[in-house]
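Enquirer: Generate a structure from the sequence data that follows.
(one chain, ligands or ions: 3)
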Amino acid sequence: MTNDNPPSDVTPPAAGTGRERVRIFDTSLRDGEQAPGFSMGRAAKLRLAHALEELGVDVLEAGFPSASDGDFEAVQAIAREVRRPIVCGLARCVPGDIDACARALAPAAKARIHLFLATSPLHREFKLGMSREQVIENAVAAVRNACRHFDDVEFSAEDAIRTEPDYLVEVFSAVIAAGARTVNVPDTVGYTTPAEMYERVRYLREHVHGIDQAVLSTHCHDDLGLAVANSLAAVAAGARQVECTIGGIGERAGNASLEEIVMALATRAELFGVDTGIDTRKLYPTARLLGQLTGQPIARNKAVVGENAFAHESGIHQHGMLKHRGTYEIMKPEDVGFSRSQLVLGKHSGRHALRERLAALGYAPDEAQLDAIFTRFKTLADRKREVFDSDLEALAVGRDPEAVGPWHLEHLNASSHLGGNGSASVRLVHEDGRRASEAAIGDGPIDAVLRAIGRAIGHDLELTDFQIRALSHGGDAQGQATLGVRHQDRELKGRGVSTDIVEAAALAALEIANRIERGTPAVPLRQLAQAI
Ligand SMILES: CC(=O)SCCNC(=O)CCNC(=O)[C@H](O)C(C)(C)COP(=O)(O)OP(=O)(O)OC[C@H]1O[C@@H](n2cnc3c(N)ncnc32)[C@H](O)[C@@H]1OP(=O)(O)O
Ligand SMILES: CC(C)C(=O)C(=O)O
Ligand SMILES: [Mg+2]
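Expert: Numbers count the residues shown, from 1 in each chain. Ligands and ions are numbered 1, 2, ... in the order given. Prediction:
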């Protein structure tokens, strides 16, 4: 289709800064979705597409319309609903794919077709069975055909990095003459290095005819863990579009990660001198959404958006952070969508962070008190992976944070029902011989168990977080449940371990219930001295 909105000029300046703009081409919904474990249905794709629009991507590759009816419909739905970015579809250099793309993208406000054909000797000979000349003929014919439907045509030379450089120049010169507006250099198998990529892009800029009328793009894979570095090298050499995915998802080891590229360009703006249109504060929420939609959570140590990206457990780092956060952070957590940095208390923490956390909880121990708490804190931290606020409170007032009881679980019955509801009944027995039986329904069985236990001890408990982690493998694997619970404006955390995840969650809820029962309130500061 011919768009009313012509494609924007080749390298638009970024608003306000006077710097050139690098276009962010997101392919989470195409290359990202191609990887095992990341496949998304139409509703999920549509949801992520809206989030990517909010994030500010310039081009959104919505899928491969000829891959399946489902993908066709997903691309069509995205083309209909997502108005701000250019919506793009992938197509082989065959008329059927081009036709499917044109139909799927017909409702788009701004549409692009992304044609690809492999150009490397290996792919030409063994995969396509085409000569150099045939590859160029097919590519040119496909671009011409696509131009009958689209103003905005991108051509990718699949396996460009392993393609003879002078031949790649011929291919790109021919497709630009035929009407391609973007030429893309994929490192399809993640083989290149930053120095080689820089040199390749520089060479292409120097030798491709008509390159000034096209945007030079790159698309890097992470087989050697170099996708982001190679993408940045391409930008340094003059590439003005980068193809990438949220969380770096994609074929095999994945694509270059969008959030890493964007934050590298922003954090080291003095090196690159370019801007993107990304609202960086949406990076973390978008990555979380992707994790929820695919069921593949973000790795804890993932750069920029991982849970540990702004978390510090080591005492020496925590001390530095308390003095000046620039000592151990090069980006602000708020700038990528986290609410704040976190000082996590564990066995590597020191007195400075402990004192800070105790102060936040309302305790102001003197040096001797702090030493005593610190010793017991280290003993506890050696046994637990993370020390919660409720543990600290128990330490601060001289109670045993690992004490069990007074309530014990005597009976548990929980069931889930189609549509999301769950019901549970529990019977608790107290050390003094009392018994309490309660039943509840909730938003799933875990919520129902928590409510039933809350009722049994006479407190309202609201589920705020639930995580389950396998501690071992096999049919009788132990699962560790961690519950986050709100009780009277306080967030409490509890853990339970069992081979049954509902029971593990019940034990975590009971741990919280017992803390409430034992009462570890914020003790007035003056009482602290007697308490420890
Ligand atoms: C590097 C990349 O990421 S490329 C994109 C990869 N993504 C995907 O493949 C996901 C979607 N793919 C699919 O659903 C299927 O492969 C389909 C529907 C596109 C094609 O299915 P099939 O027709 O059964 O072919 P199949 O996948 O087995 O083989 C690929 C065919 O496309 C041809 N081909 C591969 N690339 C291209 C190209 N760029 N242009 C033209 N033909 C191509 C191959 O030579 C082969 O042709 P042949 O069937 O005549 O031997
Ligand atoms: C389709 C192309 C751009 C691709 O995904 C690759 O070569 O990796
Ligand atoms: Mg790819």
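
Enquirer: Extract the residue ranges of the stretch 401-532 of the chain that are flagged as low pLDDT.
Expert: Scanning the stretch 401-532 of the chain for pLDDT under 70 picks out the ranges 471-473, 475-476, 520-532.

Enquirer: closest point of it to ligand 2, which residue?
Expert: Nearest to ligand 2, among the residues of the stretch 401-532 of the chain, is residue 470, at 33.2 Å (C-beta to the nearest ligand atom). The C-beta positions use only the backbone N, C-alpha and C, and glycine is treated the same way.

Enquirer: tally of neighbours for that residue?
Expert: Residue 470 has 11 neighbouring residues, counting by other C-beta atoms under 10 Å.

Enquirer: same question, residue 310
Expert: Neighbourhood size, residue 310 [other C-beta under 10 Å]: 22.

Enquirer: Retrieve the pLDDT associated with it.
Expert: For residue 310, the pLDDT comes out at 97.

Enquirer: who's the residue of the stretch 401-532 of the chain closest to ligand 2 bridged to?
Expert: For residue 470, the beta-bridge partners are residue 479 (DSSP bridges).

Enquirer: hang on, isn't it packed against residue 478?
Expert: Yes. Shown here, residue 470 and residue 478 form a contact pair, counting by C-beta atoms under 8 Å, at 7.4 Å.

Enquirer: which stretch of helix or strand covers the residue positioned nearest the centre of the chain?
Expert: Nearest residue to the geometric centre of the chain (C-alpha atoms, centre = their mean): residue 287, 2.8 Å. Using DSSP states H and E, residue 287 sits within helix 283-294.

Enquirer: how about that helix as PDB, C-alpha atoms only?
Expert: Coordinates of each C-alpha in helix 283-294 appear next as PDB, following Å, rounded to 0.1, in the frame of the first residue of the first chain:
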ATOM      1  CA  LEU A 283      12.600   0.100  30.000                       C
ATOM      2  CA  TYR A 284      12.100  -1.800  33.200                       C
ATOM      3  CA  PRO A 285       8.300  -2.000  33.000                       C
ATOM      4  CA  THR A 286       8.500  -3.200  29.400                       C
ATOM      5  CA  ALA A 287      11.000  -5.900  30.200                       C
ATOM      6  CA  ARG A 288       8.800  -7.100  33.100                       C
ATOM      7  CA  LEU A 289       5.800  -7.200  30.800                       C
ATOM      8  CA  LEU A 290       7.700  -9.300  28.300                       C
ATOM      9  CA  GLY A 291       8.700 -11.700  31.100                       C
ATOM     10  CA  GLN A 292       5.000 -12.000  32.200                       C
ATOM     11  CA  LEU A 293       3.800 -12.500  28.700                       C
ATOM     12  CA  THR A 294       6.300 -15.200  27.800                       C
END
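
Enquirer: Could you give me the buried positions within that helix?
Expert: Using 16 or more other C-beta atoms under 10 Å as the test for burial, helix 283-294 gives 283, 284, 285, 286, 287, 288, 289, 290, 291, 293, 294.

Enquirer: Just after that helix, pick out the following helix or strand.
Expert: Counting by DSSP H and E, the next helix or strand C-terminal to helix 283-294 is strand 311-312.

Enquirer: tell me the contacts of the residue of the stretch 401-532 of the chain closest to ligand 2?
Expert: With contact set as C-beta atoms under 8 Å, 6 or more residues apart in numbering, residue 470 has these partners: 477, 478, 479, 480.

Enquirer: Name the nearest of the residues you listed relative to residue 363.
Expert: Distance to residue 363 across those (C-beta to C-beta) is lowest for residue 480, with 28.7 Å.

Enquirer: so that closest one sits right up against residue 494, yeah?
Expert: No. The pair residue 480 / residue 494 is not scored as a contact, 11.1 Å apart, by C-beta under 8 Å.

Enquirer: Who has more neighbours out of these two?
Expert: Using other C-beta under 10 Å as the criterion, residue 480 and residue 494 rank with residue 494 on top: 22 against 18.

Enquirer: measure the more buried one to residue 80 for me?
Expert: 46 Å (C-beta to C-beta, to the nearest Å).

Enquirer: average model confidence for the helix holding residue 287?
Expert: Average pLDDT, helix 283-294: 96.

Enquirer: how far is it from where the chain is centred?
Expert: Counting by C-alpha atoms, centre = their mean, to the nearest Å, helix 283-294 is centred 5 Å from the centre of its parent chain.

Enquirer: same check, this time on stretch 201-217
Expert: In terms of C-alpha atoms, centre = their mean, the centre of stretch 201-217 is set 33 Å apart from its chain centre.

Enquirer: Identify all contacting residues around it.
Expert: 10-11, 23, 25, 154, 165-166, 168-169, 172-173, 176-177, 180-185, 218, 233-234, 237-243.

Enquirer: what about that stretch and ligand 2, any contact?
Expert: No. Judged by C-beta under 6 Å from any ligand atom, stretch 201-217 stays clear of ligand 2, getting no closer than 9.0 Å.

Enquirer: swap in stretch 104-120?
Expert: Yes. For a cut-off given as C-beta under 6 Å from any ligand atom, stretch 104-120 has contacts with ligand 2, namely residue 116.

Enquirer: Let the chain start at 56 from now.
Expert: Got it, first residue is 56 now, which makes that one stretch 159-175.

Enquirer: distance between the ends of that stretch?
Expert: End-to-end distance of stretch 159-175 (C-alpha to C-alpha, to the nearest Å): 30 Å.

Enquirer: And stretch 401-412, by the same measure?
Expert: From its first residue to its last, stretch 401-412 covers 12 Å (C-alpha to C-alpha).

Enquirer: Using neighbour counts, pick out the buried residues of it.
Expert: By 16+ other C-beta under 10 Å, the buried positions in stretch 401-412 come out as 401, 402, 403, 404, 405, 406, 407, 408, 409, 410, 411, 412.

Enquirer: Now, these that are in helices?
Expert: Taking DSSP state H as the definition of helices, the buried residues of stretch 401-412 contribute 406, 407, 408, 409, 410, 411, 412.

Enquirer: Leaving out sequence neighbours, find the closest residue to the first one.
Expert: For residue 406, ignoring the flanking residues on the chain, the nearest one in space by C-beta to C-beta, 6 or more residues apart in numbering is residue 429 at 5.5 Å.

Enquirer: Look up how far ligand 2 lies from the one you found.
Expert: Per C-beta to the nearest ligand atom, to the nearest Å, residue 429 is found 53 Å from ligand 2.

Enquirer: Surely residue 362 is in contact with residue 342?
Expert: No. The criterion here is C-beta under 8 Å, and residue 362 misses it with residue 342 at 10.6 Å.
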